[in-house]
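**Q** Here is a sequence with its predicted model. Questions after.
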There are 2 protein chains.
Amino acid sequence: MARRTGRRPGNPDTRQAILDAARAAFAERGFDGASIRAVAAAARVDPALVHHYFGSKDRLFLAAMHAPVDPAELLPSVLAGDRAGLGERLVRTFLGVWDSPAGTAGVALLRSAVSNEWTARLLREFLVTQVLRRVLDQLDADPAELPLRGSLVASQLIGLAMMRHVVRLEPVASAAPETLVAAVGPTVQRYLTGDLAEVFAG
Amino acid sequence: MARRTGRRPGNPDTRQAILDAARAAFAERGFDGASIRAVAAAARVDPALVHHYFGSKDRLFLAAMHAPVDPAELLPSVLAGDRAGLGERLVRTFLGVWDSPAGTAGVALLRSAVSNEWTARLLREFLVTQVLRRVLDQLDADPAELPLRGSLVASQLIGLAMMRHVVRLEPVASAAPETLVAAVGPTVQRYLTGDLAEVFAG
């Protein structure tokens, strides 16, 4: 969960004003283009208050987009271990989140993203800055290849969540997680570390 | 397009009543469980009139769910040719539809499916009966493996459409179709014809 313990109370109106300003800033300028300073200015508060409430720009972003999980907490165990098992570990962790109570929030986020351009942008920024960038940073691949590798991974994983939790197409909808790890892990592994010379030659 | 030429006029109220009844029947009972006879009874018309307006159960279904294309017209060219190129041809045809004006209707269908349980069921029936069944019928794979193979294909293709046309994650969003065919074709090929012994052993 993207939450701060112990600091939450404060003034709920102020906190909400910061979140509204952050949502607008991240959707309009992207994660990298939005600054805590600009969010604070839009919310008419001191930047120190934003830091006080949310701690970091990552945490502010996760709160603003109602992210059900913090990838920074989940990814270290995915990234630890042998490179050859990266795809399977990523699929296993992804399914674990979606099969947990956080999955309900994930479905809500997907629903909002397909009907609302702002949420779609926030989801895109979430995938790139909170998930893919952290995984791709660990790879030895040509940096020019990383964006496509990352978005291919996202296409397979989001499609898996769509079929399992939204469209509920059987047998993907109720398959044992390890069945899907064995099926989809090699796909994600190829997108991350496989030889895609034919793809990049095109 | 799922349309009939020359027969459309008729009584628009009657036609709409048939479509409404068909939509309910297909969502509640699935494609196989719904009959033209039952749809006609629910719409209080003679079954011959349903045949007259829509021709076949497949056509009635496509009209009821506002399908932007008729897979029966697109799939023969995908299924013709060598087995080893099936994945690439399926991805190429899929991208061709989504990159065409029909893609706009596809996005509308996805939007509706994630927010509306009925549309989700119709989309599921569409994928299974109009697309996957026709492709899987051509394979030599163990029949027990076909449903999972089909739903894995659907997970990758729908995820690709989500990233390219809804979330618009770059570079998948604006990549040349052939780049994506080279990247995703082998994934679909493995799901369709690859050795998934490890998956089915699980």
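**A** Happy to help now that I have it.

**Q** Please count neighbours and contacts with C-alpha atoms only from this point.
**A** Noted.

**Q** what's near enough to touch the residue in chain A that chain B sits nearest to?
**A** Among the residues of chain A, A:G159 lies closest to chain B, at 3.5 Å counting by Cα to the nearest Cα. The neighbours of A:G159, taking Cα atoms under 8 Å, 6 or more residues apart in numbering or on different chains as the test, are B:A154, B:S155, B:Q156, B:L157, B:I158, B:G159, B:L160, B:M162.

**Q** Could you pull up the contacting residues of A:G194?
**A** By Cα under 8 Å, 6+ apart, A:G194 lies in contact with nothing.

**Q** same check, this time on A:F31
**A** Residues in contact with A:F31, defined by Cα under 8 Å, 6+ apart, are A:F61, A:E125, A:T129.

**Q** try 10 Å
**A** A:F31 sits next to A:22, A:25, A:57-58, A:61, A:121-122, A:124-126, A:128-130 when contact means Cα atoms under 10 Å, 6 or more residues apart in numbering or on different chains.

**Q** now A:G33
**A** So A:G33 contacts A:A25, A:F26, A:A27 (Cα under 10 Å, 6+ apart).

**Q** Now, those that are in helices?
**A** Counting by DSSP state H, those place A:A25, A:F26, A:A27 in helices.

**Q** so A:D195, which of the three states?
**A** Using DSSP: H, G, I helix; E, B strand; the rest coil, the secondary structure recorded for A:D195 is coil.

**Q** what does the model give it for pLDDT?
**A** Looking at A:D195, its pLDDT is 92.

**Q** A:E145 too?
**A** 94.

**Q** before we move on, what about the one 5 residues further on?
**A** The confidence metric pLDDT takes the value 96 at A:G150.

**Q** A:R3 too?
**A** A:R3 is assigned 48 on the pLDDT scale.

**Q** Low-confidence stretches in chain A?
**A** Residue ranges of chain A with pLDDT under 70: A:1-10, A:202.

**Q** Now rank the contacts of A:G159 by neighbours and give me the top one.
**A** The most crowded member of these, judged by other Cα atoms under 10 Å in any protein chain shown, is B:L160 (31 neighbours).

**Q** Show the contacting residues for A:D58.
**A** By Cα under 10 Å, 6+ apart, the contact list for A:D58 reads A:A2, A:F31, A:A64, A:D70, A:A72, A:F126, A:T129, A:Q130.

**Q** For the helix or strand where the fifth one lies, which outside residues touch it?
**A** This points to A:A72. Per DSSP states H and E, A:A72 falls inside helix A:71-79. The contact list for helix A:71-79 (Cα under 10 Å, 6+ apart) reads A:1-2, A:58-59, A:62, A:85-94, A:97, A:126-127, A:129-132, A:134-136, A:138-139.

**Q** returning to what we had before: check the gap between the residue of chain A closest to chain B and A:F94 for me.
**A** 12 Å (Cα to Cα, to the nearest Å).

**Q** cool, and A:L157?
**A** For A:L157, the distance to A:F94 (Cα to Cα) stands at 8 Å.

**Q** same deal with A:G106?
**A** Taking Cα to Cα as the measure, A:G106 and A:F94 are separated by 11 Å.

**Q** tell me, what's touching the two both at once?
**A** Common neighbours of A:G106 and A:F94 (criterion: Cα under 10 Å, 6+ apart): A:A161.

**Q** thought A:E117 was touching B:V166?
**A** Yes - taking contacts as Cα atoms under 10 Å, A:E117 lies within contact range of B:V166: 8.6 Å.

**Q** The two: who's more crowded?
**A** Higher neighbour count among A:E117 and B:V166: B:V166, with 23 against 14, using other Cα under 10 Å.

**Q** so what's the nearest residue to the more buried one once chain neighbours are set aside up against?
**A** In this structure, B:V166 finds its nearest non-sequential neighbour in A:V114, 6.1 Å apart by Cα to Cα, 6 or more residues apart in numbering or on different chains. Applying Cα under 10 Å, 6+ apart, we find A:V114 in contact with A:120, A:123, B:107-108, B:110-115, B:162, B:165-167.

**Q** what about burial for those residues, which qualify?
**A** Buried members of these, scored by 16 or more other Cα atoms under 10 Å in any protein chain shown, are A:120, A:123, B:107, B:110-115, B:162, B:165-167.

**Q** which one of the residues you listed is nearest A:T187?
**A** B:M162 (17.5 Å; Cα to Cα).

**Q** Spell out the secondary structure type for that closest one.
**A** helix.

**Q** can you tell me which residues contact it?
**A** Taking Cα under 10 Å, 6+ apart, one finds A:113-114, A:154-156, A:158-159, A:162, B:107, B:110-111, B:156, B:168-169, B:173 in contact with B:M162.

**Q** quick one: which of these sit in helices?
**A** Applying DSSP H to the contacts of B:M162, the entries found in helices are A:A113, A:V114, A:A154, A:S155, A:Q156, A:I158, A:G159, B:V107, B:L110, B:R111, B:Q156.

**Q** For A:A120, list the residues it contacts.
**A** Applying Cα under 10 Å, 6+ apart, the residues contacting A:A120 are A:27, A:109-114, A:126, B:163, B:166-169.

**Q** do you know how far it is from B:D137?
**A** According to Cα to Cα, A:A120 and B:D137 sit 37 Å apart.

**Q** burial of A:S100, as a residue count?
**A** A:S100 has 11 neighbours, counted by other Cα under 10 Å.

**Q** Can you tell me the SS state at it?
**A** Using three-state DSSP, the structure places A:S100 in coil.

**Q** Now do the phi/psi pair for it.
**A** Backbone torsions for A:S100, taken as degrees, to the nearest 10, come to phi -90, psi 180.

**Q** For it, give me its contacts.
**A** A:G106.

**Q** Also A:A48?
**A** A:A48 makes contact with A:I36, A:R37, A:A40, A:F54, A:G55, according to Cα under 10 Å, 6+ apart.

**Q** Checking the second one next. Helix, strand or coil?
**A** To tie it back to what came earlier, the one meant is A:R37. Secondary structure assignment for A:R37 (three-state DSSP): helix.

**Q** Let me know whether it touches A:A21 as I believe.
**A** No - using Cα under 10 Å, A:R37 makes no contact with A:A21, being 11.0 Å away.

**Q** Having no further points to raise, I will conclude here.
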